[in-house]
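A.B. asks: take this sequence and fold it.
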Amino acid sequence: MSLSPATLFFMNFAPKPSRKHTAHEWLDYLRESNGLGGILAKTEDLARIKSTLGMALSKLGLEHLSAKIEAGWRSGGQNELFLLVSSASIASRLQQNLPSLIKELDILGLQCSAIKVQMKPAPAAWEVKPRTNDKIREKPQGFNAIAQKSWEDLLGKLEPDSELRKTVERLLQHKPK
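C.D. replies: All right, here's what the predicted structure looks like:
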């Protein structure tokens with residue numbers, strides 16, 4: 001029995017997954033997927049860090065700062081937590097409590113040897129706004145008075161049968177009315 005190339009082409013693909021998957025089945029699919037599994041793992045890790053950091057801050061009486069902190073692992077650092085904050089006062093307050101915070105995180109199961117606190121860059125003081133000019137840009141209407149006079153002076157200096165004179169005459173004749 002011989003199969004056509006088109007049949008062989010379609011036989012190589014796995015059947016489409018059913019659209020009636022539950023949320024747990026989709027999470028399993030995402031975890032197993034080549035590219036998406038890593039993204040999902042990093043997202044879950046960041047959520048775990050944020051949750052654990054919130055609990056540690058709460059034990060230190062700093063729970064009000066939890067929403068104002070972005071946390072993640074510092075790239076290249078071994079067990080070094082990176083906290084990004086929006087103001088100097090929050091950064092200062094966290095710096096004062098770093099030893100206690102590291103200890104609480106360790107108790108809660110988040111091993112980190114150091115914490116770096118840094119302020120977020122300030123947003124730009126300016127913003128791009130659309131033009132509010134009601135005046136619609138008008139298309140230029142011919143030459144201005146100085147340009148018109150210059151072309152006419154040039155026309156007077158040119159020989160009557162020259163190509164340049166004919167071109168300048170056509171230019172001056174096509175002026176808008």
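
A.B. asks: so where does the residue most central in space within the chain fall, helix or strand?
C.D. replies: Nearest to the geometric centre of the chain sits Pro123, at 13.8 Å (CA atoms, centre = their mean). When secondary structure is defined by DSSP states H and E, Pro123 falls outside every helix and strand.

A.B. asks: after the helix or strand harbouring Phe82 comes which helix or strand?
C.D. replies: Phe82 is located in strand 80-85, with elements delineated by DSSP H and E. Note on strand 80-85: by DSSP H and E, the next helix or strand toward the C-terminus is helix 88-96.

A.B. asks: what's the average pLDDT for that following helix?
C.D. replies: In this model, helix 88-96 carries a mean pLDDT of 88.

A.B. asks: please work out which residues outside it touch it.
C.D. replies: 62, 65, 68-69, 83, 85, 101, 115, 117-119 (CB atoms under 8 Å, 6 or more residues apart in numbering). Backbone N, C-alpha and C define where each C-beta goes, glycine included.

A.B. asks: now do the buried residues in the strand holding Phe82.
C.D. replies: Within strand 80-85, the residues that qualify as buried are 81-85, counting by 16 or more other CB atoms under 10 Å.

A.B. asks: of the residues you listed, which is the nearest to Lys157?
C.D. replies: The shortest gap between Lys157 and any of those belongs to Leu84, at 71.5 Å (CB to CB).

A.B. asks: in a strand, Gly72, correct?
C.D. replies: Yes - assessed with DSSP: H, G, I helix; E, B strand; the rest coil, Gly72 lies in a strand.

A.B. asks: beta partners of it?
C.D. replies: Beta-bridge pairing of Gly72 under DSSP bridges involves Phe82.

A.B. asks: doesn't Ile107 make contact with Met55?
C.D. replies: No - if you go by CB atoms under 8 Å, Met55 and Ile107 don't touch, sitting 9.6 Å apart.

A.B. asks: ok, those two, which is more surrounded?
C.D. replies: Set Met55 next to Ile107 and count neighbours by other CB atoms under 10 Å: Met55 wins out with 15 against 11.

A.B. asks: element containing that one, please.
C.D. replies: Using DSSP H and E, Met55 sits in helix 34-59.
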